[in-house]
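fold the following, please.
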Amino acid sequence: MKLTAPLTFGLIACILLVSAPHAEHLPLWVSTVCAALLAWRAYLTWGGYPMPARWLLLSVTVACVFAIAITFRTLFGREVGVALLILLATLKLLELKAVRDAAVLVYLSCFIIITNFFYSQSIPTALYMLLTLLVIMATWVHMQTGALAFKPRLRIAVVLLLQAIPLSLIIFVLFPRVQGPLWGMPQDAYATSGLSDTMSPGSMSKLSLSDAVAFRATFVGRTPLREQMYWRGPVLWDYDGLTWTRGHNATLRRPALTDTTQLVDYTVTLEPHNKRWLFVLDMPAKLSISAELAPDFQLLSMAPVNARTRYTANSFLSYRANLEEQPQQLQRALALPQGYNPQTRQLAAEWRAQSASPEALVRTVITYFNRQGFEYTLEPPLLGLNGVDEFLFGTKKGFCEHYAGSFVVLMRAAGIPARVVTGYQGGEYNELGDYYIIRQADAHAWAEVWLRERGWVRVDPTAAISPERIQSGLSSALPDNAALPFLGRNPPEWLRGLRLNWDALANQWNQWVLGYNTERQFAFLTRMGMEDITWQKMALNMLAGIALLVGVFTLLMLRRLAARKTDAVQTVWLKVCRRLEKAGLPRAAHEGPMDYATRIAAVHPDLAEDIHDIAARYASLRYGGEAEQDGLAAFKDAVRAFKL
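Residues are numbered from 1 along each chain as shown. Predicted structure coming up:
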């Protein structure tokens, strides 16, 4: 097989298809250089021009490697490896001289397909890569067959991919699963956005512009009301006048719940966010995976969540939390930086003097938010050094972090322990999958105050300003939701239905394909009848399944080959031979049709004319070059009329 122009263009298409999705991840200059090299190779092939000199290719290669080292400041890592691989594969096209080089490029294309899954493992990515693999297989078939037309090459490629499906299923089901993300370097894995362990004015409102899924939740039995769905995340204690941070708990004592009621059970499928916190409903009681329950009821994974994580949990919607809180923790919940927000401090002192109890003071603050013209908005004005003063007495426009933060400052200034809790509130119900979708746009901040007879009590100032936010979601709460993502602005019902259908499909993909981890694999194999599952048993079963599958395919291929060797003319002739054999006149293995007919005629002169006619027709069709479609029907009629 020679290296033809169609084969070269096929290889260019392969490299282009597998490299194109990386354009959004790689530096612009890498994509530009690759596009220029592909165009250069296509121009040389189209015009029949000679290949560039080896010294020129070597110079370009060295320059590209140095440029990558300067850009990334290293030659190791995911992005560096992908950039080098794509550049070198593209440069390989410019030294393409033999079929052996073409085979190398086909294998490189298959390997680059894998690198696309480092960044996305979604259904569209999988479908695109399947189409790309089909193009690669068609190019490989072209390389092997040469003169075969395009449609037969494509048909062979499709058949090869279909034949690979059973083998892929066996390996997928039985191959021992490996814990952790697909890419094994923690610093590269799933660097996604999400809730932080800090909060400052504007941080939550920026996060609410994202339509990305944070996690999905499925309830077993009772489902809480939307206004009860407070998904607890980082708890913020320390305040420097501008930013709230988690800090360090002043005690190691485990938190305690008393007077608990309204237990709900649910399962969470958490998207990777590269942080340790897990999200559960207030307040968590049990969790199915190993996690640390902090003294402030925040659940922390043992390692950063850099892979999709599924866990079951149950929570109490009614409770008393830490009735006997540690003095050190209460002291932290009263701390305020000196010299900030004097008006807020003065107002809090006045309210404290006028209030008969801490509960009464809480009601006073909520009433103030409700009746003093405060506005809930995604685009609040910028605040200065005394941000809480400016917000409470000036702008009166803010998002949930403004209300939660200023409320906690008022409480602390009045001598009531308080802290900020961040997480998510609510969720969108998907009837198709019977689960809730919690997006980054559902990010929320609220407050907790410690009351002597009730422990830590949740207070959400946002509910006083915009109850629609808690009951119906962010889009319903904003007078102008143009800043939200398009699909977050109460889209038409048909578009919302399409979106939920797609999410239900993506959720099943996540659960059964991407989420097919060790736990789910063991559960599935147990239901299939396997006992005492070990990786050795799975490996043996996988090899046995592969051997059985290969054996079945081999038998089918041998049968097909045998059928090809026995054509229609031969089938009809063998039918005659079997009838004569039953009559005691078997054909010898070395005996041709005419000799056999002569011998039959000698024994049965009454059959001489018919058997000679049949043998002559067979010889003409089989060896004489007569068109089969013209003589086969007459041959079959003669055999059908032949009587012993």
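
pLDDT score for the spatially closest residue to residue 324 that is not a sequence neighbour?
Among residues not flanking residue 324 along the chain, residue 256 sits closest, at 7.5 Å (Cβ to Cβ, 6 or more residues apart in numbering). Glycine gets a C-beta too; all of them are placed from N, C-alpha and C. What the model reports for residue 256 is a pLDDT of 92.

same check, this time on residue 491
pLDDT, residue 491: 69.

from here on, count from 591
Got it, first residue is 591 now, which makes that one residue 1081.

where does the stretch 1091-1234 of the chain have low pLDDT?
1151-1156, 1214-1220 (pLDDT under 70).

mind running it again at 90?
Across the stretch 1091-1234 of the chain, the ranges flagged by pLDDT under 90 are 1091-1175, 1177-1183, 1190-1202, 1204-1234.

where along it do the helices fall?
Using DSSP state H, counting those that start in this stretch, the helices of the stretch 1091-1234 of the chain run over 1108-1117, 1125-1155, 1158-1172, 1183-1193, 1198-1212, 1218-1231.

what residues are up against the closest residue to residue 1106 other than its chain neighbours?
Nearest residue to residue 1106, sequence neighbours excluded (Cβ to Cβ, 6+ apart): residue 767, at 6.9 Å. Contact analysis of residue 767 by Cβ atoms under 8 Å, 6 or more residues apart in numbering lists 1106-1108, 1111.

pull out the buried members of the residues you listed.
Among those, the ones that count as buried by 16 or more other Cβ atoms under 10 Å are 1107, 1111.

got the contacts of residue 767 as CSV, with distance to residue 658 columns?
Formatted as CSV, the contacts of residue 767 follow (distance: Cβ to Cβ, whole Å):
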residue, distance to residue 658
1106, 35
1107, 34
1108, 36
1111, 38
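
report the two of the contacts of residue 767 separated the most.
Pairwise distances across those peak at 9.1 Å for 1106 and 1108 (criterion: Cβ to Cβ).

measure how buried residue 717 is and give me the count.
Counted with other Cβ atoms under 10 Å, the neighbours of residue 717 add up to 10.

what about it, which helix or strand?
In this assignment (DSSP states H and E), residue 717 forms part of helix 713-735.

now that helix: buried residues?
716, 718-719, 722-733.

same thing with stretch 950-963?
Neighbour-count burial for stretch 950-963 [16+ other Cβ under 10 Å]: 951-952, 954-956, 958-959.

let me have these in CSV, adding pLDDT and distance to residue 650 as columns.
Shown next, in CSV, are the buried residues of stretch 950-963 (pLDDT from 0 to 100; distance: Cβ to Cβ, whole Å):
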residue, pLDDT, distance to residue 650
951, 95, 73
952, 95, 70
954, 95, 73
955, 94, 68
956, 94, 68
958, 94, 69
959, 92, 65
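
what is the nearest of those residues to residue 700?
Among the buried residues of stretch 950-963, and counting by Cβ to Cβ, the member closest to residue 700 is residue 959, at 60.5 Å.

residue contacts, that closest one?
Each residue near residue 959 by Cβ under 8 Å, 6+ apart is listed here: 993, 997, 1051, 1054-1055.

contact partners for residue 605?
Per Cβ under 8 Å, 6+ apart, neighbours of residue 605: 628, 676, 679-680, 683, 695, 698-699, 702.

run through who's touching stretch 1034-1048.
Against stretch 1034-1048 from outside (Cβ under 8 Å, 6+ apart): 789, 794, 820, 825, 848, 872, 887, 910-913, 915, 920, 923, 948-949, 952, 990-991, 993-995, 997-998, 1001, 1006-1016, 1049-1052.

that one - what's its average pLDDT?
On average, stretch 1034-1048 scores 94.

how far off centre is it?
38 Å (Cα atoms, centre = their mean, to the nearest Å).

and the closest residue to residue 912 other than its chain neighbours, its phi and psi?
Ranked by Cβ to Cβ, 6+ apart and with sequence neighbours excluded, the top spatial neighbour of residue 912 is residue 1045, at 5.0 Å. Phi and psi for residue 1045, reported as degrees, to the nearest 10, are phi 70, psi -150.

now stretch 620-627: buried residues?
So stretch 620-627, judged by 16+ other Cβ under 10 Å, has buried residues 620-621, 623-624, 627.

TSV for those residues, including secondary structure, pLDDT and distance to residue 691?
Below are the buried residues of stretch 620-627 laid out as TSV (DSSP: H, G, I helix; E, B strand; the rest coil; pLDDT from 0 to 100; distance: Cβ to Cβ, whole Å):
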residue	secondary structure	pLDDT	distance to residue 691
620	helix	92	23
621	helix	92	24
623	helix	93	20
624	helix	93	18
627	helix	93	15
